[in-house]
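>>> Provided below for reference: sequence and predicted model.
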Amino acid sequence: MIEEILPPPVSAVDTTGDPPGAALFPAEEEAISRAVASRRREFTTVRHCARLALAGLGLPAAALLPGERGAPQWPDGVVGSMTHCSGYRGAAVAPAAAVRTIGIDAEPHQPLPRGVLPVVSLPAERDALTALAAGQPGVCWDRLLFCAKESVYKAWFPLTRQWLGFQQAEIKIMDNGFFEARLLVPGPALTGFTGRWLVRDGLVLAAIAEPSVT
């Protein structure tokens with residue numbers, strides 16, 4: 001599904017299950033050795049997806065170790081992003097010469113738990129969600145906002161190596177499957193992102209692929 005909201009030359013692969021043939025490199029096994037079984041399955045399958053996505057670019061399989069703040073370390077010349085939630089794992093990669101950064105996120109299509117929305121949103125965003133819900137009440141707009149913010153952070157962090165709080169980016173969600181993010185903190189010649197979203201099969205997906213600066 002995620003490939004539907006990502007442009008070429010991004011290569012994306014996702015799955016709703018954990019294939020029995022998915023395997024880890026020894027260094028990855030070491031990195032996840034103390035994790036519980038559910039975490040191991042997520043970790044393994046999302047890297048299986050990432051290696052298939054790399055193959056889509058004509059690149060060999062490689063160990064994809066978690067780096068600073070858990071962000072995956074990609075091969076030289078590659079940018080990418082991973083995501084997983086219950087019943088879904090996905091990865092997207094692209095040549096760094098064409099795409100500056102990628103951020104993808106998947107969430108269950110369910111309302112956010114009580115009390116979470118005020119913590120992760122700005123007043124203007126909450127007002128906008130009310131208007132969106134009046135037009136399309138079947139979409140969990142609060143969860144979509146959260147998902148979009150997660151994709152923004154994943155696109156932001158590789159460029160800056162800095163934390164980005166939920167209230168440091170203002171999201172404008174359009175009902176045509178796009179969203180815009182305005183960064184409220186200084187970035188490297190960057191004021192925001194444009195992304196796309198999709199709601200299907202009990203999932204909310206958000207994706208950003210920022211073209212490289214030419």
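Yep, it's here. Numbers count the residues shown, from 1 in each chain.
>>> helix, strand or coil for Lys149?
For Lys149, the assignment made with DSSP: H, G, I helix; E, B strand; the rest coil gives helix.
>>> now do Trp197
Following three-state DSSP, we place Trp197 in the strand state.
>>> So, low pLDDT: which residues of the protein?
214 (pLDDT under 70).
>>> can you give me the strands in it?
11-15, 78-85, 88-95, 99-108, 169-173, 178-183, 192-200, 203-211 (DSSP state E).
>>> of all those, which lies closest to Val120?
strand 169-173 (10.1 Å; CB to CB). Just so you know, the C-beta spots here come from the backbone N, C-alpha and C atoms, and that holds for glycine as well.
>>> neighbouring contacts of the closest one?
122, 124-125, 128-129, 132, 141, 144-145, 148-149, 152-153, 156, 179-184, 192, 197 (CB atoms under 8 Å, 6 or more residues apart in numbering).
>>> Which residues are in contact with the nearest residue to Leu184 once chain neighbours are set aside?
Of all residues not flanking Leu184 in the chain, Gln168 sits nearest, at 5.0 Å (CB to CB, 6 or more residues apart in numbering). Residues near Gln168 by CB under 8 Å, 6+ apart: Leu183, Leu184, Val185.
>>> related to what we said a few turns ago, of the contacts of strand 169-173, keep whichever come out buried.
122, 125, 128-129, 132, 141, 144-145, 148-149, 152-153, 156, 179, 181, 183, 192, 197 (16 or more other CB atoms under 10 Å).
>>> Outline the domain layout of the chain.
Here the domain assignment for the chain is 2-98, 105-211, based on automatic domain parsing.
>>> Pull up the distance across the longest one, start to finish.
Across domain 105-211, the straight-line distance between its terminal residues is 18 Å, by CA to CA, to the nearest Å.
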